[in-house]
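> 3D model of this:
(2 chains)
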Amino acid sequence: MTYDKRKIESVREGYGKALALYGKLNDKVVVLDADVSNSTLTKYFAEEFPERFFNVGIAEAGMIDTAVGLALEGFIPFANAFASLICYRALEQIRTCVSYCNTNVKIAAGYSGISDYKDGPTHHSIFDLAIMRSMPDMTVLVPADSVEAGMMVKAAAELNGPVYLRLSRADMPVIFDYRHKVKIGRGVTLVEGEDLTICCMGTLLGNCLDAAEKLRSSGIYAGVIEISTLKPFDSKIIVDTAIRTGAMVTVEEHNIIGGLYSAVSECLINNNISIPVGPVGIKDHYACTSLNIDDLYEYMGLSVEDIINISKKVIRKKRK
Amino acid sequence: MVLYSEEQIFNLEEISRKLRIRSLEMIYKRGAGHPGGSLSAADIIASLYFYKMKIDPGNPFMENRDRFILSKGHASAVLYAALAMKGYFPEDDLDNWGQLSCHLQGHPDRNKTPGVDMNTGTLGHGINIAAGMLLGGRLKKINFKVYVLLGDGECQGGIIWEGAMTAAKYKLGNLVAILDYNRVQLDGFVKDIMPLEPIVEKWKSFNFEVFQIDGHNIRQILEALDGADNIHGKPVMIIAKTVKGKGVSFMENNCYWHGTAPNKDQLETAKKELLERNKK
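Numbering: from 1, shown residues only, chains lettered A, B, ... in the order given. This is a model prediction of the structure:
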C-alpha cells in the first residue's frame, strides 16, 4: 500500500465537515460543544443547523449530562470538547449517565493524544483510551486520518449506544480515500507481511507505512494493520497476523499502559499465542510542549525510526 | 388561585404517611438505605406523583408524559414506594429491594425499574439532564414538564450550577426544580459542612423564578407546583424547607439517620409515631 506523502489534511477538518454534512441526512443528530467549536470544528454544523447546536460554555461535565437528556428524548447527540477535559473532567458523568445508563451519546474527544503540541501536557490525553476501553458498553473509535474521521461520524451515529470517538488536532497524511469502508469492530490490513506485523491505532499510520517500506529495503517484510476500533476489539485480525508473521509491534499515540499494546497483549494471551510484541507508544510519562508535532513525536519515541528500531528488536527476539 | 379541598389535602397527607412508613420498612428489611432524606422528601413526592404529574403507569415511556429526576438518588426508597403505589410494578417487589434478582437497585435505574426516568445516585446530574430533555422536547415540539428533586448537600457541587446556567440560557420554563432543603447531610449540618446561604439569592441570580415554601405543607406544595405552570421563559426553583427524618422524632435533624437503617425496635417506634401523627 502506498499513499501520497504530500497529501496532508486536518483530521478535525475531516470530522467537522462530515458532521455538518451528515446533519443534513439525519435530523436526529444534535451537537453540543463546550466553547471550543472553533477548535473542534463543530462550527460548520453550528452554521448549518443553529437550532440543533448547543454551546454550553466551558462546562464539560454538565455538557455530557445535557447530551444524555437529549439522547433520552431520541436524539443522537455528539458532545464535543478536548479529550483531556471531556474524558477526565466529565468522567463520572460518562460513567454513570452514558456507560452505566447505556445512553446513545457520542463523545467526540478532540485534540487527543499529544496532538495539541502547542499547549502541552495539560491539553494532552495519554491515558483516555485506557479509561474508555474499560467502560462497559462503550465503543471506542480511533480514526487514522481525515477521511476515516469523517466516515466515523456516520458509523458512530448509526450505532445505537455510547461511543468514544478519539480525534486528533493534527494535520496528518491522508491514507484512505472515498473507497474505504469503516466497519466498527474490524481491523484493516494495509500491507501483507511475513516477518512481523506492525499494528497501528490512530494517526501514526503514515509513520507505520513508511517504516514498513524502509524495512522492506533491508529485507524485512513487515505487514501493516490498522485497528480503528479499539473496542470491540478485532481479535481475529490479531490472531491471524500473529500466527502468520510470528512477531508484532503496536503503535499508538497513547500510554503503553491500557491502550493498543495492552489490548493486543490480552488478545494474544487469551488465544495462547506466545510471540514477541514490542510497543511503540508513550512510556508512562507526560509529554511536553513543542513547536511542531513531528518534533514531539520524535521526542516521545513515536517516529518512523522508533518503529523501525522496535521492529528489528522483536525480529531478533523472534529468531532467538 | 387554585383552591384545594380539605379532602384532597387529607388524602395526600395520608399518602405521604404511607410512603414514609413503607420507606422505613424497606430500609429496615434491606438493612440499608437513606431514611432521613426519604422522610424529608415524602410530601413532595406524594404531591408530584399523586397530584401533579401527567403520567401513565401503564405506559411509562409515554412521549408527552411529565418526567421526574430524583437528583438526590439516595432517597430511592420513597420514590420506589410511590412508583409501586402508583402501579408501575407490584408492591411486593419493594420487599425484595436490593436482592440480586430484584429490579430495584440501591439507586434508581431506568433500565431496570419501570417509571424511573433517569439513573441517579451520584449527585449533581438532575438539572443538566432535565435541560437536555427539554431541549429535546422543544425540537420535537412536544410539551412536557421535567421535575427535578435536589438535595441541599448536592448543591455544594459545581455541576448543579452548570446545569442552572444551561437551563436559564435556553429559557427552559418547563423545568421545575425542587430543593429538599432539610439542612442536614451525611457529616452534619449543611451550614457547618459548606453553607449554601443565601440560597434564594443564589438561584435568583442564576435567573430562576424562585418559590419558597414549607416542604411539609401539602397545600403550599400544590400551590407552588401549580404556580410553576404560570412561569414562562425561565426555569423554576421551589425551595422547600423540610426536616430531615420528618415524622420520626428520634430521626429528625440528626445526620446519624442520613444513611442508617433502623433496627426492629426503632422501626416499630417510628411506625407508631407516624401512625399517631394524623395531622401535622
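> Could you report the pLDDT at residue 134?
You didn't pick a chain, so chain A it is. Looking at A:Ser134, its pLDDT is 98.
> meant chain B, my bad for not saying
So B:Leu134 comes in at 98 (pLDDT).
> List the contacts of it.
By CB atoms under 8 Å, 6 or more residues apart in numbering or on different chains, the residues touching B:Leu134 are A:69, B:146, B:167, B:170, B:172, B:174-175. The C-beta positions use only the backbone N, C-alpha and C, and glycine is treated the same way.
> What is the neighbour count of residue 183?
No chain specified, so I'll use chain A. Neighbourhood size, A:Lys183 [other CB atoms under 10 Å in any protein chain shown]: 11.
> wrong one, chain B
Close neighbours of B:Arg183, defined as other CB under 10 Å, add up to 17.
> Touching, it and B:Val190? I think so.
Yes - assessed by CB atoms under 8 Å, B:Arg183 is found in contact with B:Val190 at 5.1 Å.
> Would you mind grabbing the residues shared as contacts by the two?
Joint contacts of B:Arg183 and B:Val190 (CB under 8 Å, 6+ apart) are B:Asp152.
> coming back round to it: now, the contacts of B:Leu134 that are in strands?
Of those, the ones assigned to strands by DSSP state E are B:146, B:175.
> any idea which of the contacts of B:Leu134 has the most stuff around it?
Ranking the contacts of B:Leu134 using other CB under 10 Å puts A:Gly69 first, with 33 neighbours.
> Give me the spatial nearest neighbour of that residue, chain neighbours excluded.
Closest residue to A:Gly69 apart from its sequence neighbours, by CB to CB, 6 or more residues apart in numbering or on different chains: B:Gly132 at 2.0 Å.
> Tell me the secondary structure of A:Pro77, please.
strand (DSSP: H, G, I helix; E, B strand; the rest coil).
> can you count the residues close to it?
32.
> how about the closest residue to chain A within the stretch 51-200 of chain B, what does it touch?
Taking CB to the nearest CB, chain A has its nearest neighbour within the stretch 51-200 of chain B at B:Gly132, 2.0 Å off. By CB under 8 Å, 6+ apart, the residues touching B:Gly132 are A:65-73, A:77.
> I'd like those as TSV, with pLDDT appended.
What follows is these, written out as TSV (pLDDT from 0 to 100):
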residue	pLDDT
A:Asp65	98
A:Thr66	98
A:Ala67	99
A:Val68	98
A:Gly69	98
A:Leu70	98
A:Ala71	98
A:Leu72	98
A:Glu73	98
A:Pro77	99
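> I'd like to know which of the residues you listed are part of helices.
In this view, those that belong to helices under DSSP state H are A:65-72.
> Phi and psi next, for A:Arg186.
For A:Arg186, the backbone dihedrals are phi -120, psi 130 (criterion: degrees, to the nearest 10).
> Name the nearest residue to it, ignoring sequence neighbours.
In space, A:Arg186 is closest to A:Asp234, 5.4 Å off (CB to CB, 6+ apart).
> With A:Gly223 instead?
Counting by CB to CB, 6+ apart, the residue nearest A:Gly223 is A:Gly193, at 2.3 Å.
> what's the burial count for the one you found?
Count around A:Gly193 with other CB under 10 Å applied: 23.
> if I pick it, what's in contact with it?
Neighbours of A:Gly193 in contact, by CB under 8 Å, 6+ apart: A:212, A:221-224, A:241, A:244-245.
> PyMOL command for the buried members of these?
Selection of the buried residues among those in PyMOL, burial being defined by 16 or more other CB atoms under 10 Å in any protein chain shown:
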select buried, chain A and resi 212+222+223+224+241+245
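> among the contacts of A:Gly193, which two are most distant?
A:Ala212 and A:Arg244 (14.9 Å; CB to CB).
> show me what contacts the residue most central in space within chain B?
Per CA atoms, centre = their mean, the C-alpha nearest to the average position across chain B is that of B:Leu149, at 4.3 Å. Contacts for B:Leu149 (CB under 8 Å, 6+ apart) come out as B:41, B:44-45, B:68-72, B:75, B:126, B:177-178, B:180.
> Now do it against B:Gly73, distance only.
10 Å (CB to CB, to the nearest Å).
> swap in A:Val56?
Using CB to CB, A:Val56 is found at 23 Å from B:Gly73.
> next one: B:Ala270
23 Å.
> Please compare the two by neighbour count and tell me which comes out ahead.
Of the pair B:Ala270 and B:Gly73, B:Gly73 is the one with more neighbours under other CB under 10 Å, namely 28 against 25.
> Confirm for me that that one is in contact with B:His107.
Yes - here B:Gly73 lies in contact with B:His107, judged by CB under 8 Å, at a distance of 4.2 Å.
> what is in contact with those two at once?
B:119-121.
> between the residues you listed, which has the most around it?
Ranking those using other CB under 10 Å puts B:Thr120 first, with 30 neighbours.
> For it, give me the pLDDT.
pLDDT, read off for B:Thr120, is 97.
> who touches it in this structure?
A:96, B:69-73, B:107-108, B:126.
> Highest neighbour count among these?
Neighbour max across the contacts of B:Thr120 (other CB under 10 Å) = B:Gly126, 31 neighbours.
> what's the residue nearest to that one when sequence neighbours are not counted sitting at in phi/psi?
Distances taken as CB to CB, 6+ apart place B:Ser71 nearest to B:Gly126, at 2.7 Å, with adjacent residues excluded. Main-chain torsions, B:Ser71, degrees, to the nearest 10: phi -60, psi -30.
> which residues touch B:Ser71?
Counted by CB under 8 Å, 6+ apart, B:Ser71 has contacts B:120, B:123-127, B:148-151, B:154.
> What distance do you get for it to A:Val249?
In terms of CB to CB, B:Ser71 sits 49 Å off from A:Val249.
> Relative to chain B, which residue of the stretch 151-300 of chain A is the closest?
Closest point on the stretch 151-300 of chain A to chain B, by CB to the nearest CB, is A:Gly161, at 12.3 Å.
> likewise the stretch 101-250 of chain A?
For the stretch 101-250 of chain A, CB to the nearest CB, closest residue to chain B: A:Cys101, 4.4 Å.
> got it, and chain A?
A:Gly69 (2.0 Å).
> surely that residue meets B:His125?
No - counting by CB under 8 Å, B:His125 is not a contact partner of A:Gly69; they are 9.4 Å apart.
> gap between the two ends of stretch A:175-193?
Taking CA to CA, to the nearest Å as the measure, stretch A:175-193 stretches 18 Å from start to finish.
> Same question for stretch A:78-97.
End-to-end distance for stretch A:78-97: 15 Å, by CA to CA.
> Likewise for stretch A:27-43?
First-to-last residue span, stretch A:27-43, CA to CA: 17 Å.
> What average pLDDT does it get?
98.
> Stretch A:84-94 now?
Rounded mean pLDDT across stretch A:84-94 is 97.
> Next: stretch A:5-24.
96.
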